[in-house]
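Colleague: Whatever this is, show me its structure:
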Amino acid sequence: MLCSNSKMSLQRLGRVRRLLRCPGRTARCMSSMQINGSLLETSRHRHETDIIALPEHRARSNLDNFLRSKVGLEPSQSTYVLPNILPPTPPAAGYTHVLTPPQIAVALDAAMATFHLHVESRIASLCGQGFYTIGPCGEEMLASIGFALDPHVDAMALHYRHLSVSILRQLRLGRKSLEEIILDRARGYCVSRLDPVTGGVHCAIGSAREPNANDYGGGDYVVTSTLASQCPPAVGRALAFPIADSILRGDKSGSSSSVKQVSFVTVGDGSIHNAHFLSAFNLARHARFRRNKCPVVFGVSDNGLSISYPTDGYADFLFSKTSTDPKLRSHRDRDGIPVFKANGCDMFDVYDKTLQATSYSRKNSAPSLVLYQELIRRFGHAATDRQHAYLDTDTVDRMADSDVVASGIVQAVEQWNALTYNEVYDRFREIGIMVKRSFDVAAEEPKITTREEMIEQVSQPMVRIPRLNPELLTSLHEPELTGSVDRSKTLKRDVMRKHMTRVVSEALTKNPGVVYIGEDVEHGGYYLVTDGLATHFPGRVIDFPPDETTLLGAAMGFSHAGLLPIVEIPYSKYLDCGADMFYELAISNWLTNKQRPNGMIIRIQGFDKGECTLLHIIYFVHIFLAF
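Modeller: This is a model prediction of the structure:
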């Protein structure tokens, strides 16, 4: 006999199967299903008054009424007053590159889907069925970034506000329809086990990795919520691209006929204060100074607020002081990172400036940065953000009324004649139905609820290592087994470091993808462990500046590019300095549902009795014991 919980699980599973029975899971199929009995739909009716009071719900109703007015329909609310919504003002110099009408339509699809997903995520949270509420915050029109990068070649790691970019990029890949992409995202908000990105442990921007696909470091990388932790691996991937091309694919000149890859990574204006970003930005600039190839593009969206902390244009100040003009010719003038500034509310300017930046980085194998300005945050950082505690009511209302999606629609229809208002209105309503039904489906799907399920999620299959029979190991010292051995040719006893050098040399010899990275390792290291290896394996023993955060982050990026890094941490205590990235390495397998393991070897030097520099070798045991 089934217990009540088991019966409920079977009932939910049956409803999910009925919802997904139609081929392709199209919006037409989903909208025709009668799912009034779903958990979320029932809860919506129960909380209807509270939902109507949500500022996000009001904003969506206003946009719907705006479009109704444009197509000659009566507003659904008699009190609605048609606002004067203007398109973005083009830059004085115009656009160097422009979007085509089909691209404009796709960008609007991604922006409208992102907006609907944000609204429904807040509703699902209010109803107790959604568990992630950080939204696009008025940055939906950044979607056109996705047209400035090659989805089949370039790597991308996106800040959690930049969902529209991810949606557009997935649409360009063509592996899934918009309906399927929306359903996958709804699964993330509802922490469904069927979420293809994290498997139900978080809601993260990214995409499932194709089985057995070798993207050479390209693809979408899952980003955690730890501010700017995506930046060091992004720089690592940029550094790794030319190295992997050389040692794995035989392109010694760096002039492969294939398209050069670019590593693109975004953060918000609050995240630029974080050590992850500053370390990564410094490493990229250091690479440029030394003329090392590092085609990374940083994208920074500046809405003037880091939750409640006003950033007051600091991003513009910071990058203006560190930028350089890419047209300058002298080496000294080119040591900085060029900064391209775009109006983040203007899909054309976003596309134009991002394409200029990625083209520069692709051509020169050098870093660049795009600063997306003039953004206005809407609805707060997340549902828990108490805006009225630090902003006055007029400011909160004004920010909520700044509809960047409506402005983009006016730009597409009235300035570029890419669509009609009738076409946009039909699409807006259609996408809204897709999103609502997707949340109904996702809320019904199973979640990780048991200890065993979580252990299975965390665990990676162990690789069997062949072991010699213990009896054979013991008998190797017996005379009858060793009598025939010419002892004059056996290896002599030696200090441990020389055996370590031999083992590392064997690894570099047998596996062309192995690289050895660290601080002061090219000349042999502090204790000669890598002595002579840089000469025998040119380009595969690589020095990094003394910063363990970027060293471990770069190792993650090297791993993504198909390399197997051996990372030397000079002393065990120094792992503390890169502890944040070490934790990122450790949780990535769990966070990506085993899709992005970070294969590497971390070699930490410690000492036994007699070492006087005790502070250098305080062991990390206290941290491991915490687990």
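Colleague: give the contact list for the residue nearest to the spatial centre of the chain.
Modeller: Geometric centre of the chain, nearest residue: residue 157, 3.0 Å, by C-alpha atoms, centre = their mean. Residue 157 sits next to 220, 221, 223, 230, 233, 234, 263, 264, 265, 266 when contact means C-beta atoms under 8 Å, 6 or more residues apart in numbering. C-betas here are computed from N, CA, C, even on glycine.
Colleague: How about residue 264?
Modeller: Here residue 264 is in contact with 145, 149, 154, 155, 156, 157, 234, 296, 297, 299, 358 (C-beta under 8 Å, 6+ apart).
Colleague: Surely it is within a strand?
Modeller: Yes: judged by DSSP: H, G, I helix; E, B strand; the rest coil, residue 264 forms part of a strand.
Colleague: Quick check: the gap between it and residue 152.
Modeller: 14 Å (C-beta to C-beta, to the nearest Å).
Colleague: so how far is the one helix or strand residue 248 maps to off the chain centroid?
Modeller: In this structure, residue 248 sits in helix 231-249 according to DSSP states H and E. Distance of helix 231-249 from the chain centroid (C-alpha atoms, centre = their mean, to the nearest Å) equals 17 Å.
Colleague: Kindly report the same for stretch 228-235.
Modeller: Here stretch 228-235 is found 9 Å from its chain centre; the criterion is C-alpha atoms, centre = their mean.
Colleague: any idea of the mean pLDDT for that stretch?
Modeller: Across stretch 228-235, the average pLDDT comes to 95.
Colleague: for stretch 527-537, same thing?
Modeller: Mean pLDDT, stretch 527-537: 92.
Colleague: Do I have it right that residue 142 meets residue 163?
Modeller: No: Residue 142 is beyond contact range of residue 163, at 9.4 Å (criterion: C-beta atoms under 8 Å).
Colleague: Between these two, point out the one with more neighbours.
Modeller: Neighbour comparison, residue 142 and residue 163: the larger count goes to residue 142, with 35 against 27 (by other C-beta atoms under 10 Å).
Colleague: check contacts around the closest residue to residue 425 other than its chain neighbours.
Modeller: Spatial nearest neighbour of residue 425, excluding adjacent residues (C-beta to C-beta, 6 or more residues apart in numbering): residue 67 at 4.2 Å. By C-beta under 8 Å, 6+ apart, the contact list for residue 67 reads 409, 421, 424, 425, 428.
Colleague: hmm, 10 Å instead?
Modeller: 73, 75, 406, 409, 421, 422, 424, 425, 426, 427, 428, 429 (C-beta atoms under 10 Å, 6 or more residues apart in numbering).
Colleague: Between those residues, which sits nearest residue 494?
Modeller: Proximity of the contacts of residue 67 to residue 494 (C-beta to C-beta) peaks at residue 427, which lies at 72.2 Å.
Colleague: and that closest one, which of the three is it?
Modeller: Strictly by three-state DSSP, residue 427 counts as helix.
Colleague: What score does it have for pLDDT?
Modeller: The model reports residue 427 with a pLDDT of 98.
Colleague: Dihedrals phi and psi, the residue nearest to the centre of the chain?
Modeller: Torsion angles at residue 157 (phi, psi; degrees, to the nearest 10) stand at phi -140, psi 120.
Colleague: Tell me what it is bridged to.
Modeller: Residue 157 has these beta-bridge partners by DSSP bridges: residue 221, residue 265.
Colleague: Out of the contacts of residue 67, which end up buried?
Modeller: By neighbour count, with 16 or more other C-beta atoms under 10 Å, those hold 75, 406, 409, 421, 424, 425, 427, 428 as buried.
Colleague: buried residues in the longest helix along the chain?
Modeller: If you go by DSSP state H, the chain has its longest helix at helix 101-126. By 16+ other C-beta under 10 Å, the buried positions in helix 101-126 come out as 103-126.
Colleague: Also stretch 298-309?
Modeller: 298, 299, 300, 301, 302, 303, 304, 305, 306.
Colleague: I'd like to know which of the residues you listed is nearest to residue 558.
Modeller: Set against residue 558, the nearest of these by C-beta to C-beta is residue 298 (19.2 Å).
Colleague: Throw the buried residues of stretch 298-309 into CSV and include distance to residue 378, thanks.
Modeller: Putting the buried residues of stretch 298-309 into CSV (distance: C-beta to C-beta, whole Å) gives the following:
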residue, distance to residue 378
298, 24
299, 20
300, 19
301, 13
302, 15
303, 9
304, 12
305, 11
306, 16
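Colleague: Widest-spaced pair of those?
Modeller: Based on C-beta to C-beta, the longest span within these runs between 298 and 305 and measures 19.7 Å.
Colleague: For residue 306, what are phi and psi?
Modeller: Main-chain torsions, residue 306, degrees, to the nearest 10: phi -110, psi 90.
Colleague: any weak-confidence spans in the stretch 351-500 of the chain?
Modeller: Scanning the stretch 351-500 of the chain for pLDDT under 70 picks out the ranges 461, 468-492.
Colleague: And the helices in it?
Modeller: For the stretch 351-500 of the chain, the helices defined by DSSP state H, counting those that start in this stretch occupy 393-401, 404-410, 421-444, 451-458, 470-475, 479-482, 496-510.
Colleague: Turn those helices into a markdown table, including distance to residue 367.
Modeller: Listed next are these as a markdown table, based on distance: least, C-beta to C-beta, whole Å:
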| stretch | distance to residue 367 |
| --- | --- |
| helix 393-401 | 33 |
| helix 404-410 | 28 |
| helix 421-444 | 36 |
| helix 451-458 | 35 |
| helix 470-475 | 52 |
| helix 479-482 | 58 |
| helix 496-510 | 28 |
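Colleague: And those helices: which comes nearest residue 205?
Modeller: When those are compared by C-beta to C-beta, helix 421-444 sits nearest residue 205, at 16.2 Å.
Colleague: which sections of this protein are below the confidence cut-off?
Modeller: 1-37, 208-217, 250-258, 321-335, 461, 468-492, 606-627.
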